[in-house]
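>>> here are the coordinates; sequence isn't available:
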């Protein structure tokens, strides 16, 4: 989440007049994240998230996200609902941007998860993958493996090397290796592809909410698991692998869905891809984010360190005692 577009209290009150959710009490921008503009909006009845969709989100994709969350909610997954206005419309225009009012889910995002919490996240992700077994909509992954080299080619190589000597050449080689070695014909479904700790809300050790599905698409379920593994199983700077967290997450997933052997063997490559994908989008944003944007830039090197780790590890070392 982030704030690129400023919304006044008057504009928020005008929006709320279309709904039957109460009167505006407070409006606060949320700085975390990098994709859309988000506000915590509170009325005299409830709290909501007001999201304005910025340039990286294609408005044509919004019905897919709406339908996916409705499907998951109906299947019992802890995801937020889009709120309809008094005429039944869920998509609005605010400050010239497509916008939605979204259910607020209470809970706490953890920065240092325990193995018990990681286990619960693995289970929750697997239950999402189960729940979408009868979700018929298909959406190609716009940030899938075929997009990585073109995205890297848009990044200033001098700026990349300023982060670390030889960085640009190393990333170019990794793009080429993954293009030549990307796994084929693994099981696919609707996937989250961005299940970082700040997109999971805990109540104690139980998952109370899964949020921010705006990278959701159709891709390998094991790739979605690899993204989550890379996001949860390292220190923030990516320099230290937390084996107890990583193994607990994979074990939790495996208790719900048993991966095929091809998925297990491909997992290090999928995790390299997951690391590269976030390295590249962070690198692009690091170079191109406006200086006055209310957004927290994230260090690309944190995922470079993860990438280096996954280059050197075998799948059997990652799964440990996971089912």
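Thanks, I have it. Just so you know, these numbers come straight off a predicted model, no measurement behind them.
>>> gap between residue 285 and residue 302?
13 Å (CB to CB, to the nearest Å). All C-beta spots, glycine's among them, are computed from the backbone N, C-alpha and C.
>>> Revised request: answer the last question for residue 50.
The gap separating residue 50 from residue 302 is 29 Å, by CB to CB.
>>> Between those two, tell me which one has more neighbours.
When residue 50 and residue 302 are compared on other CB atoms under 10 Å, the one with more neighbours turns out to be residue 50, at 24 against 18.
>>> Phi first, then psi, for the more buried one.
Dihedral angles of residue 50 (phi, psi; degrees, to the nearest 10) stand at phi -100, psi 120.
>>> which non-adjacent residue is nearest the residue nearest the centre of the chain?
When CA atoms, centre = their mean is applied to the chain, the residue found nearest the centroid is residue 194 (1.7 Å). Spatially, and ignoring its direct neighbours in sequence, residue 194 is nearest to residue 215 (4.2 Å; CB to CB, 6 or more residues apart in numbering).
>>> so who does that neighbour touch?
If a contact means CB atoms under 8 Å, 6 or more residues apart in numbering, then residue 215 has 143, 192, 193, 194 as its contacts.
>>> Residue 281 is in contact with the first one, correct?
It refers to residue 143. Yes. Taking contact to mean CB atoms under 8 Å, the distance of 7.0 Å between residue 143 and residue 281 places them in contact.
>>> ok, the two, which is more surrounded?
Neighbour totals were compared for residue 143 and residue 281, and residue 281 leads with 21 against 18 (other CB under 10 Å).
>>> which SS state does the more buried one fall under?
With DSSP: H, G, I helix; E, B strand; the rest coil as the basis, the three-state label of residue 281 is helix.
>>> Likewise for residue 102?
Of the three states, residue 102 takes strand according to three-state DSSP.
>>> partner residues bridging it?
Under DSSP bridges, the beta-bridge partners of residue 102 are residue 49, residue 82.
>>> Confirm residue 51 sits in a strand?
Yes. Looking at residue 51 with three-state DSSP, it is inside a strand.
>>> how about residue 287, what does it touch?
Residue 287 makes contact with 155, 156, 159, 160 under the criterion CB under 8 Å, 6+ apart.
>>> Next, count neighbours for the last one.
Put plainly, it is residue 160. Based on other CB under 10 Å, the number of other residues close to residue 160 is 22.
>>> so it touches residue 283, yeah?
Yes. Here residue 160 reaches residue 283: they are 6.2 Å apart, a contact under CB under 8 Å.
>>> Can you pull the residues that touch both of the two?
With CB under 8 Å, 6+ apart as the test, residue 160 and residue 283 both reach residue 171.
>>> how about residue 12, secondary structure?
Under the three-state scheme (three-state DSSP), the conformation of residue 12 reads as helix.
>>> What sits closest to it if chain neighbours are left out?
Using CB to CB, 6+ apart, the closest residue to residue 12 is residue 27 (4.9 Å).
>>> With residue 89 instead?
Counting by CB to CB, 6+ apart, residue 18 is the residue found nearest to residue 89 once chain neighbours are left out, at 7.8 Å.
>>> a helix runs through that neighbour, doesn't it?
No. The assignment for residue 18 is coil, going by three-state DSSP, so no helix is present there.
>>> For it, grab the count of nearby residues.
Here the count is done by other CB under 10 Å, and residue 18 has 14 residues near it.
>>> Read off the pLDDT value for it.
Residue 18 is assigned a pLDDT of 97 by the prediction.
>>> For it, give me its contacts.
85, 86, 87, 89, 92.
>>> Got phi/psi on it?
With angles defined as degrees, to the nearest 10, residue 18 shows backbone torsions of phi -80, psi -10.
>>> Give me the phi and psi angles of the closest residue to residue 142 other than its chain neighbours.
Ranked by CB to CB, 6+ apart and with sequence neighbours excluded, the top spatial neighbour of residue 142 is residue 217, at 7.0 Å. Here is the backbone geometry of residue 217 (degrees, to the nearest 10): phi -170, psi -170.
>>> What's the local residue count around residue 217?
For residue 217, using other CB under 10 Å, the count is 23.
>>> Next one: it from residue 136, what distance?
For residue 217, the distance to residue 136 (CB to CB) stands at 14 Å.
>>> Residue 97 now?
From residue 97 across to residue 136, the span is 29 Å (CB to CB).
>>> Among those two, which residue is more densely surrounded?
Neighbours of residue 97 and residue 136, each counted by other CB under 10 Å, are more numerous for residue 97; the result is 19 against 8.
>>> The more buried one pairs with what?
residue 94.
>>> Surely the residue nearest to the centre of the chain and residue 214 touch.
Yes. Here residue 194 reaches residue 214: they are 7.5 Å apart, a contact under CB under 8 Å.
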